[in-house]
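Colleague: How does the following fold in three dimensions:
(one chain, ligands or ions: 1)
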Amino acid sequence: MPAAGTPAPVPMPSVSDMGPTLHPGARLPGSILALLLTLAAGAARADCATFEIVGDGIPLPLSQQTADADAGRQAAADRQRGDCSICHQLPLPNARFHGNVGPDLSAIGARLTPPQIRLRVAANRHLNPESVMPDYGISRDRHQVAEAFAGQPILTAREIEDIVAWLASLDGSEP
Ligand code: HEC
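Modeller: This next block holds a predicted model:
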């Protein structure tokens, strides 16, 4: 593992890996550019992004969209997406059960910064290669996935940002 402070680029599928590539400085009318970006995003299903780890965090958001903490709560609870409460205590009253495999997250926003939370959700195995927690933002080593999902991260960049926004808001005061 690189020493703290060393930027460690993590390979992730980027939009340009999956669709038409635009060279920097290429000049295209905005409408064509928008169409190409839409096609690229469609091919990838998700708004995949590359990210850079600095120290024990990912300083920059993975998605340009404004993060939505309510959507993050839903993505974290969703069995098809985050399903975080299978391992973590979280303020999700309707979750089936709350696991104790991972640490209690009900006041995680008071303990970790958003960049630290982002790294733990997107690429926790960077910190602990042995962890049972999946790397939600990285598509590598996903075994036994349906072909349609092969090569895709479990969560989209936007879903990760929504979850980061929700977790960052948790200070233990939610029921
Ligand atoms: C299979 C069990 C499992 C699942 C599912 C899981 N985690 Fe974890 N998580 C862990 C474990 C275990 C740790 C403790 C650190 C480690 O093992 O690296 C952890 C650590 C964390 C931490 C750091 C906590 C701290 O106190 O430092 C955060 C934040 C976190 N998980 C968020 C999530 C989110 C958000 C989800 C759902 C998207 C999720 N986890 C799903 C097992 C899980």
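Colleague: Going by neighbour count, which residues of stretch 116-127 are buried?
Modeller: 116-124, 126 (16 or more other Cβ atoms under 10 Å). (C-beta placed from N, C-alpha, C; glycine too.)
Colleague: what subset of those residues is also close to the ligand?
Modeller: With the criterion set as Cβ under 6 Å from any ligand atom, the members of these near the ligand are 117, 120-121, 124.
Colleague: What is the least confident helix or strand in this structure?
Modeller: When the helices and strands of the chain are compared on mean pLDDT, DSSP states H and E, helix 15-18 comes out lowest with a mean of 40.
Colleague: can you give me the helices for the protein?
Modeller: 15-18, 30-43, 69-77, 114-123, 157-169 (DSSP state H).
Colleague: mean pLDDT for those: which is lowest?
Modeller: If you rank the helices of the chain by mean pLDDT, helix 15-18 sits at the bottom with a mean of 40.
Colleague: what about Ser131, distance to the ligand?
Modeller: 3 Å (Cβ to the nearest ligand atom, to the nearest Å).
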